[in-house]
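Engineer: Could you look at this predicted model? Sequence included:
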Amino acid sequence: MSTYRAPRGTRDLLPAERPVWRHVADVARGLSEAYGYREIETPLFELTEVFERGVGAVTDIVEKELFRIQPRTDDAETWALRPEGTAGIVRAYIQHGMQTWPQPVKLTLLGPMFRYDRPQAGRYREFWQWDVEAIGDAGPAVDAEIVELGLRFYREAGLEDVEVRLNSIGDPGCRPAYVAELTAFYRRHEDALPPLERQRLESNPLRLLDSKDPALVHLNDDAPRITDRLCEACSEHFAEVMAHLDALGVEHRVEPSLVRGLDYYTRTTFEYYLRGREGHQQALGGGGRYDGLVELLGGKPTPGIGFALGLDRVVLALKETGAEVPTETPPIAVVVGADPGATAERLRVATDLRAEGIRVRADLAVRRLGRQLEAAAKEGARFAIILGDELADGHVQLRDLDAATQKVLAIDDLPALLLRKSQDG
Ligand code: HAM
């Protein structure tokens, strides 16, 4: 029988790589608190309609990448695994009457998302996002605050050189005229469009702007720019976002082709990239304003803005850039014994030490002392606590595995000494 493997596009995160994940999550949680974002958890699956209406039916995420759950009966509700966090959070905002809470309601979620995408490095079918959402603030100051929060996260996580690309995609007032103009532009060049892009021209012409297809890269240089077509209110909002970023000393690059792949965006959109890796690189994170989404999902008209940062890509980038990242720390000591069978004794001593807050492992295998010591050294423990005849009068041998020295010690003196050594590092 062939052995089982994790499903394609998913992976097991093994113990050795967990410390870097924990570090990244700790930075996210610390910043969420510092910036006043409160934690929320939403289900890993929702009614499919939440995503179809929220993210948009004619988006890659819904059309191609949604993990739909097979309905159990004909009339059952249809569910899908969440491909992103925003739609579910906005659904919860409406469901729990959060519009009566003091506004804005600032929420954060860190968890797995699911997209049935073609797997490759940095693109998985199960991946993790840190999501923040500020619902009930029309900006523009909060837009700048959120953009800056993302940049701070990358810096504190250990990525020095992350840049933000910024755009405004207008609102339902000014965007339709722009989309019409853009469609007319592409129609004039229809012969040059690959089949997929020709289809998209019918369903979602904005997507052609950030197409990676080489045929479009040149064409797009001449395409009309949304930033030149914004109405006065959107244009003013965009200028104010940039003025607030300038006041914070946050560098940003305006990228008129940055339209994002989700339908709910209005006005401000942004993405984060490792600097100096131009071309078809993947975004480390992205977000934007969604002033119509609460209403679209059945709530009162309420503005909102947020981002989601892809933690898998952050972990990958930390590796690639050679950033210093935390590693697993071995226990400070292992309790071993001269009598292979005296496992109860080793377990008791280790249990007492743990009660004092010390990280120790007990060697519970029935094996020779030499083998126990070897295992302790291999694990990287600093000390071995050797139980032998001295235990009868309350003493043990403490072996320094680095220095290869050994001394007899009263068992009562162990906790203080080991605590001190743990803190010394
Ligand atoms: P998004 O651009 O679809 O936005 O995803 C945000 C980030 O999640 C991406 O920049 C990327 O780092 C990561 N990501 C997306 N798909 C994958 C994948 N298949 N594998 C690994 N990482 C991935 C959103 O999800 C919006 N909900 C962001 C938002 C929040 N907008 C407003 N509020």
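Structural biologist: Looks like it arrived, so ask away.
Engineer: what does the stretch 1-150 of the chain have sitting close to the ligand?
Structural biologist: Within reach of the ligand by CB under 6 Å from any ligand atom, the stretch 1-150 of the chain has these residues: Glu84, Gly85, Thr86, Arg115, Asp117, Gly122, Arg123, Tyr124, Phe127, Gln129, Asp131, Glu133. C-betas here are computed from N, CA, C, even on glycine.
Engineer: and of the residues you listed, the nearest to Ala16?
Structural biologist: Nearest to Ala16 among these is Tyr124, at 18.6 Å by CB to CB.
Engineer: For the closest one, grab the count of nearby residues.
Structural biologist: The number of residues packed near Tyr124 is 21, by other CB atoms under 10 Å.
Engineer: cool, and Glu251?
Structural biologist: 11.
Engineer: same question, Gln120
Structural biologist: 9.
Engineer: pLDDT score for it?
Structural biologist: Note for Gln120: predicted pLDDT of 92.
Engineer: for Gln282, same thing?
Structural biologist: We have a pLDDT of 89 for Gln282.
Engineer: quick one on the thing from earlier: so of the residues of the stretch 1-150 of the chain next to the ligand, which ones are in strands?
Structural biologist: Among those, the residues falling in strands (DSSP state E) are Phe127, Gln129, Asp131, Glu133.
Engineer: Buried residues of stretch 300-307, list them for me.
Structural biologist: Thr302, Pro303, Gly304, Ile305, Gly306, Phe307 (16 or more other CB atoms under 10 Å).
Engineer: What's opposite whichever residue of the stretch 101-250 of the chain sits closest to the ligand in the beta bridge?
Structural biologist: Relative to the ligand, the nearest point of the stretch 101-250 of the chain is Phe127 (3.4 Å; CB to the nearest ligand atom). Phe127 has the following beta-bridge partners by DSSP bridges: Met113.
Engineer: Would you enumerate the residues in contact with the residue in the chain that the ligand sits nearest to?
Structural biologist: Among the residues of the chain, Gly310 lies closest to the ligand, at 2.2 Å counting by CB to the nearest ligand atom. Taking CB atoms under 8 Å, 6 or more residues apart in numbering as the criterion, Gly310 is in contact with Gly122, Phe127, Trp128, Gln129, Ala283, Leu284, Gly285.
Engineer: Quick one: these as JSON lines, columns for neighbour count too.
Structural biologist: JSON lines is the format used below for these (neighbours: other CB atoms under 10 Å):
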{"residue": "Gly122", "neighbour count": "17"}
{"residue": "Phe127", "neighbour count": "20"}
{"residue": "Trp128", "neighbour count": "22"}
{"residue": "Gln129", "neighbour count": "21"}
{"residue": "Ala283", "neighbour count": "17"}
{"residue": "Leu284", "neighbour count": "25"}
{"residue": "Gly285", "neighbour count": "24"}
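Engineer: what's the most distant pair in these?
Structural biologist: For these, the farthest-apart pair by CB to CB is Trp128 and Ala283; their separation is 14.9 Å.
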